[in-house]
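> Sequence plus the predicted model coming up.
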Amino acid sequence: MYSVALFLHSWNRWIALIAVVGTVLAAFRRKEAVAERWGSIAMMSLDLQMLIGLLLYFVISPNMREILANFGASMKEPAARFWAVEHITPMIGAIAAAHVGRVLARKAKSADQRRLRLLVCFGVAFVLIMVGMPWPGRPGGRELFRGLGL
């Protein structure tokens, strides 16, 4: 179950990232209907990503079980600290920013306000996702495409 959840979490990140970028680009290009569709896809993939991630964090991952059991000591090890704090914090922030952006855009009184709110909130979500991703070469880094060796 752990390897399946990790595989899904690893591959769904690309769907979420592409959808967030699609929302930002559509909002920037003043394509309101397209931004709405990309925003829907982004929210679905981000919510799925969070669900799988929280299952990994609190239930399934043997690594997280060990990290959480020895939290103080884990904070001294860069890879463990990345998984315990530096990954989950910006990712939850990104999901919150995207949800806030969708709500604010729907409550906007004009198309320009809607576009700006989507652009700012999903732009913030994009930056936070990029900061929190386990890029190869950083402590806790993983391969870009799990299962392909890349």
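Structure's in. What do you need?
> which parts of the helix or strand hosting A96 are buried?
Assigned by DSSP states H and E, A96 falls within helix 88-107. Within helix 88-107, the residues that count as buried by 16 or more other Cβ atoms under 10 Å are 88, 90-91, 93-98, 101-102, 104-105. Glycine gets a C-beta too; all of them are placed from N, C-alpha and C.
> separation between A111 and A69?
Distance from A111 to A69, counting by Cβ to Cβ, to the nearest Å: 52 Å.
> What average pLDDT does the helix holding A96 get?
What helix 88-107 shows for mean pLDDT is 96.
> Same question for stretch 37-44.
Per-residue pLDDT values over stretch 37-44 give a mean of 95.
> Model confidence score at the residue nearest to M64 when sequence neighbours are not counted, please.
Distances taken as Cβ to Cβ, 6 or more residues apart in numbering put Y57 closest to M64, at 5.4 Å, once the chain neighbours are dropped. On pLDDT, Y57 comes in at 94.
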